[in-house]
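# Generate a structure from the sequence data that follows.
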Amino acid sequence: MIAKHVPMRTLGKSNFGDLARYITDAQSKDHRLGQVRVTNCEAATLPAAIEEVLATQHMNTRAKSDKTYHLIVSFRAGEQPDDETLKAIEERICGGLGYGEHQRVSAVHNDTDNLHIHIAINKIHPKRGTLHEPYYSHRTLSDLCETLERDYGLERDNHMPNQRGAAARAADMERHAGIESLVGWIKRECLEEIRGATSWADLHQVMRDNGLELRERGNGLVVEASDGTTVKASTLARDLSKPALEGRLGPFEASAERKADKPKRSYQKAPVRMRIDTTELYARYKDEQKNLTAARAEALNKARRRKDRAVEDAKRANRLRRATIKVVDSKGVSKKMLYSQASAALRSSLDAIHAEYTKEREKLYQGFQRRTWADWLKNEAMQGNPQALTALRARDAAKGLQGHTLTGHGEAHGSTSQEIDNITKKGTIIYRAGQTAVRDDGAKLQVSRENDQRGLQAALRMAAERYGSRITVTGDAEFKARIIHAAVDGRLSITFADPGLERRRQELLTQKEQANVRTDRANQRHERGRSDRRGTGRAGSGAVTNNNTARAGAGRAAPGGDGRLAAGSGLAGKPDVGRVGRKPPPQSQHRLRTLSALGLVQLAGRSEVLLPRDVSRHLEQQGTQPDNQLRRNLFGPGVKPEAAAAAEKYISERESKRAKGFDIPKHSRYTDGAGGLSFAGVRNVDGQTLALLKRDETVMVLPIDQATARRLSRIAVGDPVSVTPRGSIKTSKGRSR
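Prediction:
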């Protein structure tokens, strides 16, 4: 971890509002902006907090220095601390600098290879109104980083830079712009030759051989390149300062007239050495930069001409409208109102035209702005240039993605259909996959800490497209478990290189297939049952028809009978036998074979259920199980809001772990009327006692008082219990509570 203060060298450009808006700008990237925090401000929104800070700074009229402190805290590549850790680190660093009570805005950025926090701090104390400037802040930040790395288990980093001043700025320029600095070029090409000179004449000759010139400026020495770039001699090395050289070579002697000999080498502003040849790309970059001003001017002129034509068209239409109004046969107020409406329409059209022109100008300035070499490569890579992407990845030997990663054993090839969110200056592509960010450095894929099943499945598909079907997973146990479930639920045609992960995937796949088979069989039985019931209904209809026919022919003698049928009976002379299809015999009443004759209700997408009037009193359940999932207060009468909140918190915590793949049964609120309960334990959440009641594979949570908790402690887990309609728990070993 490295913490660095970014000073604003031009006081007129320092503005807390601009800095806060920059660090909280997502820049149209889904995964650039992480957690945003406003500290020690009364305002509830970011714009209001900015106004509050600016008002606080305005109260101090004596301070002439910068009133805003910009701090960047960067972590090693691959480190992904959680939000609570980032919050604690920010508070401890600001407190260590003396800004614990100061107003500040912080934002976490994820759009580079290193997770980092930008912190905009108001140097003016909100109550005292005094300005605080930390003394030797780089030493304080170094000590704080060492302590925080130790306390939070972060990877150790170099907190004290080896270079300071101009040398450090030159190194930063090379890293961010990709162009070799004069300081870096001299150190790599000819520093040892310069140090080896034994006289002023030798030193000047070495300088000429390398296209350089050493001369005095003020009280020191400067080295100037052929293109006019200068650097202090002491910046190259401390032993090249004027006092050090005069102590070794004697009083300074100016160089003689420069000879016309061509130098062996000379400094050119060229890309830093890479592992590939970028000559063609750099020539194209230089050509675009050289013609940038002319191309931008031409584009702006075209936009201005389009705007002028649109304005002239709007004015012409307005003149035609006014001419029409002039010949209309109307007088007084009516004609005046028409002219007013025409003027308002013209103003509205002109405002829209000028607003569109302003937006187009801003877009052109952004499109034609000057870019550094590295930024140009990044922009070309975003446009789909594979050579630019290869050049970015060849800038330096990267450590590689760490943490939760996916890779394969084959050579990376092909592309993916996922949408690109950003490309870093090291050539790492950041893809969007729902709430998940997937990073690709060309060798492996890294999955962000905030991930969901959709994102994990997208990452697995990308890995299969890039490396083949055999995937290697790196990460903690929870991540591996979620990856396995994502592969099984998505029915992905992949295998894991780890035998343990592959064995677990096969087990889950087998269980899922067996569950699908059981579901299919149950659906088939259900369909057969529905078909049987439809057939029984048709048979019953035929019986009724026969009975109606019998009633219609009443009074006619049946063959071999006395010519009469007993009224209301199906068969004459048979006791306790009703009409066919209407009343079963006594021994067949309340049996399952009569279900088809009872009242059934068919719910859409559900199975048939008995109407309550047709349920036999001999059955255990006299009605359907209540479904109170949409009701608010289901815990029984007299339950306090804090107890209900504790139950909801416990259920949410267990369900979130269950969603991540942990072997945890489903947890839900207690619903009235749930029978067949068994005791599953007691939990204490936020000072509230909760009883766990298990029914089938679901654990129901019910708030209880302390007396009930003491009584439940005397029974074993698994003992049967019941709950009264008023929410009291009954056990077989004591009274209800």
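# Distance of the spatially most central residue of the chain relative to residue 209?
The centroid of the chain falls nearest to residue 435 when counting by CA atoms, centre = their mean (4.3 Å). Per CB to CB, to the nearest Å, residue 435 is found 59 Å from residue 209. For glycine as for every other residue, the C-beta is placed from the backbone atoms N, C-alpha and C.
# Need the nearest residue in space to the residue nearest to the centre of the chain, chain neighbours excluded.
residue 452 (5.1 Å; CB to CB, 6 or more residues apart in numbering).
# need the contact list for that neighbour.
Contacts for residue 452 (CB atoms under 8 Å, 6 or more residues apart in numbering) come out as 434, 435, 436.
# And the residues you listed, which is closest to residue 290?
The shortest approach to residue 290 among those belongs to residue 436, at 42.1 Å (CB to CB).
# Of the contacts of residue 452, which belong to strands?
Among the contacts of residue 452, DSSP state E puts residue 436 in strands.
# ok, what's across the strand from residue 685?
For residue 685, the beta-bridge assignment (DSSP bridges) gives partners residue 688.
# OK, contacts around it?
Contact partners of residue 685, counting by CB under 8 Å, 6+ apart, are 646, 647, 649, 650.
# Just the buried ones from those?
Among the contacts of residue 685, those that count as buried by neighbour count (16 or more other CB atoms under 10 Å) are 646, 647, 650.
# From those, which land in helices?
Among the buried ones among the contacts of residue 685, the ones falling in helices (DSSP state H) are 646, 647, 650.
# What distance do you get for the last one to residue 691?
Here residue 650 is placed at a distance of 11 Å from residue 691 (CB to CB).
# Common neighbours of those two, please.
Counting by CB under 8 Å, 6+ apart, the residues touching both residue 650 and residue 691 are residue 701.
# Mean confidence (pLDDT) on stretch 508-528, please.
Mean pLDDT, stretch 508-528: 85.
# Same check on stretch 485-503?
89.
# contact partners of that stretch?
Residues outside stretch 485-503 that contact it (CB under 8 Å, 6+ apart) are 409, 453, 456-457, 460-461, 463-464, 469-473, 480, 483-484, 505, 508-509, 512, 661.
# Could you export it as PDB, CA atoms only?
Written as PDB, here are the backbone C-alpha positions of stretch 485-503 (Å, rounded to 0.1, in the frame of the first residue of the first chain):
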ATOM      1  CA  HIS A 485     -22.500 -24.000  -8.400                       C
ATOM      2  CA  ALA A 486     -22.400 -21.500 -11.200                       C
ATOM      3  CA  ALA A 487     -21.000 -24.100 -13.600                       C
ATOM      4  CA  VAL A 488     -23.600 -26.600 -12.600                       C
ATOM      5  CA  ASP A 489     -26.600 -24.200 -12.700                       C
ATOM      6  CA  GLY A 490     -25.500 -22.900 -16.000                       C
ATOM      7  CA  ARG A 491     -24.900 -26.400 -17.500                       C
ATOM      8  CA  LEU A 492     -21.600 -25.200 -18.800                       C
ATOM      9  CA  SER A 493     -19.500 -27.700 -20.800                       C
ATOM     10  CA  ILE A 494     -16.300 -27.300 -18.900                       C
ATOM     11  CA  THR A 495     -14.100 -29.300 -16.600                       C
ATOM     12  CA  PHE A 496     -11.900 -28.200 -13.700                       C
ATOM     13  CA  ALA A 497      -8.200 -29.000 -13.600                       C
ATOM     14  CA  ASP A 498      -8.400 -29.500  -9.800                       C
ATOM     15  CA  PRO A 499      -9.600 -33.100  -9.200                       C
ATOM     16  CA  GLY A 500     -11.400 -32.100  -6.000                       C
ATOM     17  CA  LEU A 501     -13.300 -29.400  -7.700                       C
ATOM     18  CA  GLU A 502     -14.200 -31.600 -10.700                       C
ATOM     19  CA  ARG A 503     -15.400 -34.400  -8.400                       C
END
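# In it, which residues are buried?
Under 16+ other CB under 10 Å, the buried positions of stretch 485-503 are 485, 486, 487, 488, 490, 492, 494, 495, 496, 501, 502.
# Next: stretch 66-75.
Those would be 66, 67, 68, 69, 70, 71, 73, 74, 75, for stretch 66-75 by 16+ other CB under 10 Å.
# now swap in stretch 48-62 and tell me
Counting neighbours by 16+ other CB under 10 Å, stretch 48-62 gives 49, 50, 52, 53, 56, 57 as buried.
# contacting residues for the third one?
For residue 52, the contact set (CB under 8 Å, 6+ apart) comprises 41, 42, 43, 103.
# which one of the residues you listed has the most neighbours?
Within the contacts of residue 52, most neighbours by other CB atoms under 10 Å means residue 103, with 25 neighbours.
# wait, residue 14 sits on residue 68?
Yes - with contacts defined as CB atoms under 8 Å, residue 14 counts as touching residue 68 at a distance of 5.5 Å.
# so what sits against both of these two?
Counting by CB under 8 Å, 6+ apart, the common neighbours of residue 14 and residue 68 are residue 8.
# Pull out the CA atoms of stretch 273-293 and give them to me as CSV.
Taking C-alpha atoms only, stretch 273-293 is exported to CSV below (Å, rounded to 0.1, in the frame of the first residue of the first chain):
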residue,chain,number,x,y,z
ARG,A,273,11.8,0.6,-24.5
MET,A,274,9.3,-2.2,-24.9
ARG,A,275,9.5,-5.9,-25.7
ILE,A,276,8.0,-5.3,-29.1
ASP,A,277,8.8,-2.9,-32.0
THR,A,278,6.4,0.1,-31.9
THR,A,279,8.0,2.2,-34.6
GLU,A,280,5.0,2.1,-36.9
LEU,A,281,2.5,2.9,-34.2
TYR,A,282,4.6,5.8,-32.8
ALA,A,283,4.9,7.3,-36.3
ARG,A,284,1.2,7.2,-36.7
TYR,A,285,0.8,8.7,-33.3
LYS,A,286,3.2,11.6,-34.1
ASP,A,287,1.4,12.2,-37.4
GLU,A,288,-2.0,12.4,-35.7
GLN,A,289,-0.7,14.8,-33.0
LYS,A,290,1.0,17.0,-35.6
ASN,A,291,-2.2,17.3,-37.6
LEU,A,292,-4.5,17.5,-34.6
THR,A,293,-4.9,21.2,-34.5
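# Run through who's touching it.
Contacting residues not belonging to stretch 273-293 are listed as 180, 270-271, 368, 370-371, 373, 376-377, 380, 387-388, 390-391, 394-395 [CB under 8 Å, 6+ apart].
# now residue 78: how far from residue 428?
Residue 78 sits 11 Å away from residue 428, going by CB to CB.
# That should have said residue 151, apologies.
For residue 151 relative to residue 428 (CB to CB), the value is 29 Å.
# can I see the domain layout of the chain?
2-152, 181-268, 305-367, 398-536, 641-731 (automatic domain parsing).
# and residue 295, which of these is closest to it?
Residue 295 lies closest to domain 305-367 among these, at 9.6 Å (CB to CB).
# Quick one: end-to-end length of the closest one, please.
Chord length of domain 305-367, first to last residue, is 19 Å (CA to CA, to the nearest Å).
# One more: stretch 693-700?
End-to-end distance for stretch 693-700, by CA to CA: 5 Å.
# Show the average pLDDT along that stretch.
The pLDDT scores in stretch 693-700 average 86.
# Ok, stretch 193-211 next?
89.
# Repeat that for stretch 126-138.
91.
# Any buried residues in the helix or strand hosting residue 288, and which?
Using DSSP states H and E, the element containing residue 288 is helix 279-290. Of the residues in helix 279-290, 281, 282, 284, 285 count as buried by neighbour count, 16+ other CB under 10 Å.
# now swap in stretch 448-461 and tell me
448, 449, 450, 451, 453, 455, 456, 457, 458, 459, 460, 461.
# Equivalent analysis for stretch 245-260, please.
245, 249.
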